[in-house]
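Asks: Please find the sequence and the predicted model below.
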Amino acid sequence: MIKTSMTAAALSVLAIPAFAQELTYGSFDLDYTTFSSDDGGGDVTRFDLQGEGEFTLDQFVFGAGISNDKVDYDDGDEFTVRSLDVYAGYEITPEVLVGAGFANTNIDFFFGEDDFSGYDLFGQYQTGAFGVAINYSRPDDEFDELDITTLYAEGEVAPGVTVGGIFESFSEIDETTYFLSAEYDAGQIFGRAYYASLTDVDFAVYGVRGAYRFDDAISINGGVEALSGDDFISEYTALSIGGEYAFAPGIAATARYTSIDAEFGGETDAFAIGLSYEMGASKRLDRNMMDDAKTDLETGIFGAQPSLGFGLLTSSFFFGPL
């Protein structure tokens, strides 16, 4: 599988010059993670494969993404989430983008299988230093009572310093998820702090992560995350350390070790290896900010959960800690 993935990534690199004026973003990620706990529970493995592409044609923007997220439990049970989404947008001006998308998600659990499709509408205003966006989505178009409205805002407040906020509301849940972040990225140093919670709920997850780039090829990274509050199953602290080696432009191999110390459940060790390819940048502010937030949350238990393709924190509540 890795050999095939590397071939696909290499072909993508070769194809870039032919589409340089139209292709704005392309990415591919392959991650394999093992979880082991000292409380006597069985080992868990997770295999996550995803890719995304975006191109423009005059003022039109087209994009698509695909993912396959599989979790194998020690007792033989499996949990797989497969998703596909496509979207199209129109740049009214260079700063204003509006559009719509369609998504399909298939969930294959050990007690059954389900399939649902939905749509989303998005709009944004973005300059070089500031941006706001709104996204309205209905994950299942056959279930009229469930919809999600998410607001995004991000701005550069000083050279290399960016702050942002995501505010997500579910129609069926009388709560709002909010995710706040502050980031510094300049030269060899990258650092990012984040804080997430829900209104009227005694719950918060917060952390910091950072990286030091020795050169264009080698970097090390680390992070710490904590969860506290009486309205969650267990408080925990997670520590991670890892590294990245870029052996070609945009193509990198990654490795990470994470230790999660939970109030209930003892200590869990996670080892992850991955292969990634990325070029360009998506024009959609909402997708960029959501990707950054999900990368933040990879340190702790939310990063161990299969993604349903909707919701930042809420979908992970369906499963709880591994």
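Replies: Good, I have the coordinates. Numbers count the residues shown, from 1 in each chain.

Asks: Okay, and the beta partners of residue 272?
Replies: residue 33, residue 256 (DSSP bridges).

Asks: pLDDT at it, what is it?
Replies: pLDDT recorded at residue 272 is 93.

Asks: Equivalent analysis for residue 310, please.
Replies: pLDDT at residue 310 comes out at 64.

Asks: cool, and the one 3 residues further on?
Replies: As summarised for this prediction, residue 313 has a pLDDT of 57.

Asks: Run a quick neighbour tally on residue 248.
Replies: 12 (other CB atoms under 10 Å). (Each C-beta comes from the backbone N, C-alpha and C, glycine too.)

Asks: Now it. Its backbone dihedrals?
Replies: Per-residue torsions, residue 248: phi -160, psi 160 (degrees, to the nearest 10).

Asks: distance of residue 89 from residue 23?
Replies: Relative to residue 23, residue 89 is positioned 15 Å away (CB to CB, to the nearest Å).

Asks: These two: who's more crowded?
Replies: residue 89 (22 against 18).

Asks: Quick check: bridge partners of that one?
Replies: Bridge pairing for residue 89 - DSSP bridges - gives residue 61, residue 99.

Asks: Pull up the gap between it and residue 284, please.
Replies: Residue 89 is 7 Å from residue 284, by CB to CB.

Asks: just residue 42 next, same as before
Replies: The gap separating residue 42 from residue 284 is 39 Å, by CB to CB.

Asks: So between those two, which is more surrounded?
Replies: residue 284 (26 against 12).

Asks: residues touching the more buried one, list them.
Replies: 54, 61, 63, 87, 89, 97, 122, 124, 133 (CB atoms under 8 Å, 6 or more residues apart in numbering).

Asks: any idea how far it lies from residue 127?
Replies: 15 Å.

Asks: Ramachandran angles for residue 76?
Replies: phi 100, psi -10.

Asks: Let me know the pLDDT of it.
Replies: 78.

Asks: Relative to residue 48, how far out is it?
Replies: 20 Å.

Asks: Need the three-state assignment for residue 296.
Replies: Secondary structure, DSSP: H, G, I helix; E, B strand; the rest coil: residue 296 is helix.

Asks: Let me know the helix or strand that the closest residue to it other than its chain neighbours is in.
Replies: Leaving aside its chain neighbours, residue 296 sits nearest to residue 194 (4.6 Å; criterion: CB to CB, 6 or more residues apart in numbering). If you go by DSSP states H and E, residue 194 is part of strand 189-198.

Asks: Which element is encountered next along the chain beyond that strand?
Replies: Following strand 189-198 in sequence, per DSSP H and E, is strand 204-213.

Asks: the inter-axis angle of whichever helix or strand comes after that following strand versus strand 204-213?
Replies: Sequence order places strand 218-228 as the next helix or strand after strand 204-213, per DSSP H and E. For strand 218-228 against strand 204-213, the angle by axes from the mean of the first three to the mean of the last three CA atoms, to 10 degrees is 170 degrees.
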